[in-house]
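Asks: Sequence first, predicted model second:
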Amino acid sequence: MLTYDPIDLYLRYTKFGGVISILIEVRFHGRGGQGVVTAADILAIAAFKEGYYTLSFPMFGAEKRGTPVVSFLRISNEPIVERDEIYTPDYVVVLDPSVVGVVNVVAGLKNGGVVIANYPKSSEELRKEIKAEVMNAKLYTINATKIAMEMLGRPITNTVMVGAFAGATKLVKLDTLVETIKEWFEGDLAAKNAQVVEKAYRYMEEVCK
Amino acid sequence: MKFFGSGHGACPGCGLTIAVKNTLEALNGKCFVANPTGCLEIISSQYGRNAWGVPYIHSLFENVAAVAAGIDAALKAMGRRDEGKIVVFAGDGATADIGIGTLSGAMDRNHNIIYICLDNEAYQNTGHQQSGLTPPGEATTTTPVGKIFPGKIGKKKDMVAFALAHGCPYVATSSVAFPADIRRKVKKAASIEGFAYIQIHSSCVTGWGIDGNQSIEVARLAVETGLYPIVEYENGKLVSVRKIKDRKPVIEYLKVQRRFRHLLKHPKGKEIIERLQQIADENAKKYGLDG
Amino acid sequence: MKKVVRGFYAVAHSVKLCKPHVICAYPITPQTEIVENLAEMYANGELKNCEYITAESEFGAASILVGASAAGARVFSATCSQGLILMSEVLFNAAGMRLPIVIVNTNRALSAPLSIWNDHQDSMVLRDAGIMQLFVENNQEAHDAVPQAYKIAEDKRVLLPFMVCMDGFKLTHAYEPVDLLEEEVVDAFLPPYQPQIYLTTKKPVAMGCYALPAYYMEFRVAMQQAMERAKSVMEKIYKEWAEVSGRDWGGHIVVEYPDAKIFVVAMGSLVGLLRKVVNDLRKEGIDVGLIKIRTFRPFPVENLRKALSNAEKIVVFDRSVSFGYEGPLSIELKSALYKYSSADFYSYIVGLGGRDMPKDFLAGIIRDVANGKEKPGVAFKGYKEFEEVIP
Amino acid sequence: MKLKIYLGASCPPLQSLEYKTGDWGTMHAFVDKEKCTGCKICEQYCPDLCIEVKEFEDKKHAVVDYNYCKGCGVCASVCPQGAIKMELKELFKV
């Protein structure tokens, strides 16, 4: 189980009626065509199903397939009014190992923040490559491209990473996520991606133990 | 019941109102009229002096085809298509120049519209500036006759070909010299589902530099010289042509109008006249006008 | 039913429930998805008694709306940026013809340089057109705005076009929970359109006549009077909506902390973040309040005078520029408050062409104003120092 | 009395009939009833819609509405019988 507790870190006491507000900010990195936006969207729905307020939005690029892209996700127990981009994420999800090194994926990551990356090598090697020491980041890697190729036959890693994110953070339950996936995709793809999500979830659960 | 009222502000002898009145009567007033900015609009739709006896709308100079398309869509959506046909009366400038974008869109979507281009061959409303339908050699205020230039140098746009290229189910030309032909063609257009384009050669006494009583005679000469062929296409096929007995030389048509009269003495006039004659000859050949 | 949807879907869904007869648009980012969603509904037969047309241009689309609206139909289009200003000639015309056309403008910057990203420059071009403009803060408000727009525009005391302005991408492409309206709610709120005059062969009328100097001015005065009447009609309908839907978006303006000394004024999606910023700054002891301007046209002069009469400092965040002068919102506000307020004005032009406005950036500006580090005046904020050179 | 204006500069139909354009020109059309066969050709051409063939006891023939006739001469130019003549208005025959 993940030792890092987002509630603990991001609990914010406000003076308004003594309400405790939690705001979790996630940034997704990948390349156009890999479903970076969809990853944020699926998690937005799943979190919404679990009673959170959510807001996901793309980096509004004019990008075509292949260029590095970013999308954002906010999860809160209060209506979300922040619509600026996410500069200081709590979590960073990397969908494509090739953007590491091209883009500073950990830019602004909060101290003790978490990186969940599609990365074929170990988390130690990733740590070296992205200089994650500075922000005391926790890193978790999964070879998502391999899983996607094996299970989907295509290098679309968004559902793998959605499962990995949920497995690592436990912000959304596996059941909720599978239900969301089944609504999002149609026919054969729904079943396949549900399996993908489950596999990635279980894998990350193990890694984080 | 009148569909278009006397008391409108057209010049004496104006060809536009002849085309309008015959069109409206052919449809027995069962129509919606859309009209862009231009002579017809100015003479008929002054606030407090509306000459129209049928529902009428003027919006802008360059959007009449789209406005008509909107009426078509609305009538269809609201189940009111039985109220009547949609008729556009647009000038040559509004049709071939500034409004050609919306015209192309409406033709492409094949709206149920009878689009009548009242072709008086220049922007007559604003004082005779050249349009895309001004023929070569015509003196206008923006293609004036000078030491070098003998009036307009370019050519008259082929809007019939434009309409045919859009696949309009009905495309025809006519002239105010032949009201019976206008009526027949409007009735035919009304019987066809889809976009009908009818270009009517319409005399302009001030712009052309003729007297009111010459209005019909000059328009007839345009046809009789082969410069303005009267043709009719259905589904892209030529179905009728107005034959000419003893086709007259174009000079007969040119010499009676102030807009062309300079050609008789300008150094390049001969060349232009020959070109116009060539156009007439080609028309005769293309449509088989002689006979 | 609450559902996570994108802003463009929230709008499309709402438009469908308003049962327009003619929907006509031309694609332009980031509006396209609104009409794509409507096209899909049309293709699936979900839009009854409706014609969906893809026009050859925004100019054509607006013109088609003019024809359709004149024929008595309820019509809809969506556009932004270049598309909106391409429509502008037609929209000025539609306002003069008193056609209650409803348009959603997904606010986007103007070229050049080309930018698909958000600011409010496009709306400002249409400022003087005789079109009502309502700026929304989030997608729920955008969703709710459409039925209200029709009801206000079609009110016989008003009869002017209505433009719902929602920030492009920031809202249109944001994926968030929206409580989607039920058909019955909209049906009960919005009656079918009853045109006052329309084209019909049963009772011919001429529309769009030209007026000689002896008449023209009266029609323009009539438009101004309709705009003035619209103020009270809007307030009434905003309230009615709050009752029907259970969601109260406020009147022409929304005032947070009415007794504050410093007021921040803004429109559109930026308002949400400013709410947070203002709350945070108040915790620091800064006496700052917030004014969200919802109705931009007609401009709610009276409401603003009342709300700002005791303000000491007014901070305006403009999302557009009137080149050679300053931000239009600031211009409007200063003119509205002339002789009604002695407050210092801090007019900032921010976030042009989608330039992000982070929370700390906004908080910093307001903090500096509060601490006297900023001088009253006009300034661009959030751009890099530069020097113009020739390539 | 307040001025009444129609919403959005719209107009009721056929207001132009109030405007008598018959005083525009110097000429008017005159129909020779004997020559006129009532063929209606002039009717089709008249740009001002002010000549009409009417039935009378003895015969039908064209009648000009001088309220609107601008004296353009189109009717005279198209009449196959030469039954219409353009003449100076009485006003000018001094």
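Replies: Good, I have the coordinates. Residues are numbered from 1 along each chain as shown, chains lettered A, B, ... in the order given.
Asks: got the residues of the stretch 201-350 of chain C near chain A?
Replies: The stretch 201-350 of chain C comes close to chain A at residues C:269, C:270, C:272, C:273, C:275, C:276, C:279, C:283, as judged by C-beta under 8 Å from any C-beta of the partner chain. For the C-beta atoms, the positions are set from N, CA and C on the backbone; glycine is no exception.
Asks: From those residues, which land in helices?
Replies: C:270, C:272, C:273, C:275, C:276, C:279, C:283 (DSSP state H).
Asks: and those, which are buried?
Replies: Using 16 or more other C-beta atoms under 10 Å in any protein chain shown as the burial test, those include C:270, C:272, C:273, C:275, C:276, C:279 as buried.
Asks: closest to residue C:255 among the residues you listed?
Replies: Among these, residue C:275 lies closest to residue C:255 (C-beta to C-beta), at 11.9 Å.
Asks: Verify the stated contact: the closest one with residue A:81.
Replies: Yes: using C-beta atoms under 8 Å, residue C:275 is in contact with residue A:81, at 5.3 Å.
Asks: follow-up on the earlier one: what's the farthest-apart pair in the buried ones among the ones in helices among the residues of the stretch 201-350 of chain C next to chain A?
Replies: C:270 and C:279 (15.0 Å).
Asks: for residue 80, what are its contacts?
Replies: Since you didn't name a chain, this refers to chain A. With contact set as C-beta atoms under 8 Å, 6 or more residues apart in numbering or on different chains, residue A:80 has these partners: A:23, A:53, A:54, A:55, A:74, C:176, C:272.
Asks: Please refer instead to chain C.
Replies: Shown in contact with residue C:80 (C-beta under 8 Å, 6+ apart): C:28, C:30, C:31, C:105, C:106, C:107, C:108, C:122, C:168.
Asks: Which residues does the closest residue to residue B:50 other than its chain neighbours form beta bridges with?
Replies: Ranked by C-beta to C-beta, 6 or more residues apart in numbering or on different chains and with sequence neighbours excluded, the top spatial neighbour of residue B:50 is residue D:11, at 3.7 Å. On the basis of DSSP bridges, residue D:11 takes part in beta bridges with residue C:206.
Asks: Residue D:11 is in contact with residue C:208, isn't it?
Replies: No: using C-beta under 8 Å, residue D:11 makes no contact with residue C:208, being 9.7 Å away.
Asks: As a check, name the ranges of all helices in the stretch 251-391 of chain C.
Replies: Under the criterion DSSP state H, counting those that start in this stretch, helices of the stretch 251-391 of chain C are mapped to C:270-283, C:301-308, C:328-337, C:359-370.
Asks: What residues sit buried inside the top helix by length along chain C?
Replies: Under DSSP H, the helix in chain C containing the largest number of residues is helix C:213-245. Using 16+ other C-beta under 10 Å as the test for burial, helix C:213-245 gives C:215, C:219, C:222-223, C:226-227, C:229-231, C:233-235, C:237-238, C:241, C:244-245.
Asks: helices or strands next to it in the packing?
Replies: Here helix C:213-245 touches helix C:81-96, strand C:132-135, helix C:139-154, helix C:183-189, strand C:295-297, going by 3 or more C-beta pairs under 8 Å, 6 or more residues apart in numbering or on different chains; DSSP states H and E.
Asks: pLDDT (mean, whole number) over it?
Replies: For helix C:213-245, mean pLDDT rounds to 97.
Asks: Helix or strand for residue A:93, just tell me which one.
Replies: Assigned by DSSP states H and E, residue A:93 belongs to strand A:91-94.
Asks: Can you tell me what sits against that strand?
Replies: The contact list for strand A:91-94 (C-beta under 8 Å, 6+ apart) reads A:24-30, A:39, A:100, A:105-106, A:109, A:113-119, A:161, A:164-165, A:169.
Asks: Given it, what are its sheet partners and their directions?
Replies: Counting by DSSP bridges, the strands paired with strand A:91-94 are strand A:20-31 (parallel), strand A:114-118 (parallel).
Asks: Tell me which of the ones you listed sits nearest to residue C:259.
Replies: Closest to residue C:259 of those is strand A:20-31 (C-beta to C-beta; 24.5 Å).
Asks: Identify each buried residue in the closest one, please.
Replies: Neighbour-count burial for strand A:20-31 flags A:23, A:24, A:25, A:26, A:27, A:28, A:29, A:30, A:31 (criterion: 16+ other C-beta under 10 Å).
Asks: State the distance from the first one to residue A:55.
Replies: Residue A:23 sits at a distance of 10 Å from residue A:55 (criterion: C-beta to C-beta, to the nearest Å).
Asks: any residues in contact with both of those two?
Replies: A:74, A:80, A:82.
Asks: Need the nearest residue in space to the last one, chain neighbours excluded.
Replies: By that I understand residue A:82. In space, and not counting its chain neighbours, residue A:82 is closest to residue C:273: 5.3 Å by C-beta to C-beta, 6+ apart.
Asks: what's near enough to touch the one you found?
Replies: By C-beta under 8 Å, 6+ apart, residue C:273 lies in contact with A:81, A:82, A:83, A:84, C:357, C:359, C:362.
Asks: Could you single out the nearest of those to chain D?
Replies: Closest approach to chain D among those (C-beta to the nearest C-beta): residue A:83, at 39.2 Å.
Asks: since we're on the closest one, how many residues are nearby?
Replies: Residues within reach of residue A:83, counting by other C-beta atoms under 10 Å in any protein chain shown, total 27.
Asks: Tell me how far it lies from chain B.
Replies: Distance of residue A:83 to chain B, computed by C-beta to the nearest C-beta, to the nearest Å: 36 Å.
Asks: so who does that residue touch?
Replies: If you count contacts by C-beta under 8 Å, 6+ apart, residue A:83 has them with A:55, A:57, C:170, C:171, C:174, C:269, C:270, C:272, C:273.
Asks: could I get those residues as JSON lines with pLDDT and distance to residue A:146?
Replies: Listed next are the contacts of residue A:83 as JSON lines, based on pLDDT from 0 to 100; distance: C-beta to C-beta, whole Å:
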{"residue": "A:55", "pLDDT": "96", "distance to residue A:146": "32"}
{"residue": "A:57", "pLDDT": "94", "distance to residue A:146": "30"}
{"residue": "C:170", "pLDDT": "95", "distance to residue A:146": "37"}
{"residue": "C:171", "pLDDT": "97", "distance to residue A:146": "38"}
{"residue": "C:174", "pLDDT": "96", "distance to residue A:146": "33"}
{"residue": "C:269", "pLDDT": "97", "distance to residue A:146": "40"}
{"residue": "C:270", "pLDDT": "97", "distance to residue A:146": "43"}
{"residue": "C:272", "pLDDT": "95", "distance to residue A:146": "41"}
{"residue": "C:273", "pLDDT": "96", "distance to residue A:146": "40"}
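Asks: Of these, just say which sits nearest to residue B:28.
Replies: residue C:171 (51.9 Å).
Asks: Surely residue C:139 and residue C:5 touch.
Replies: Yes: using C-beta under 8 Å, residue C:139 makes contact with residue C:5 at a distance of 7.5 Å.
Asks: Between these two, which has more neighbouring residues?
Replies: Using other C-beta under 10 Å as the criterion, residue C:139 and residue C:5 rank with residue C:139 on top: 25 against 21.
Asks: For the residue of the stretch 101-250 of chain B found nearest chain D, give its distance to residue B:9.
Replies: For the stretch 101-250 of chain B, the residue closest to chain D is residue B:213, as judged by C-beta to the nearest C-beta, at 2.9 Å. Distance of residue B:213 to residue B:9, given as C-beta to C-beta: 19 Å.
Asks: For these two, indicate the residue with more neighbours.
Replies: Applying other C-beta under 10 Å to residue B:213 and residue B:9 shows that residue B:213 carries more neighbours, namely 20 against 17.
Asks: how far away is the closest residue to the more buried one other than its chain neighbours from residue B:211?
Replies: In this structure, residue B:213 finds its nearest non-sequential neighbour in residue D:73, 2.9 Å apart by C-beta to C-beta, 6+ apart. Distance of residue D:73 to residue B:211, given as C-beta to C-beta: 7 Å.
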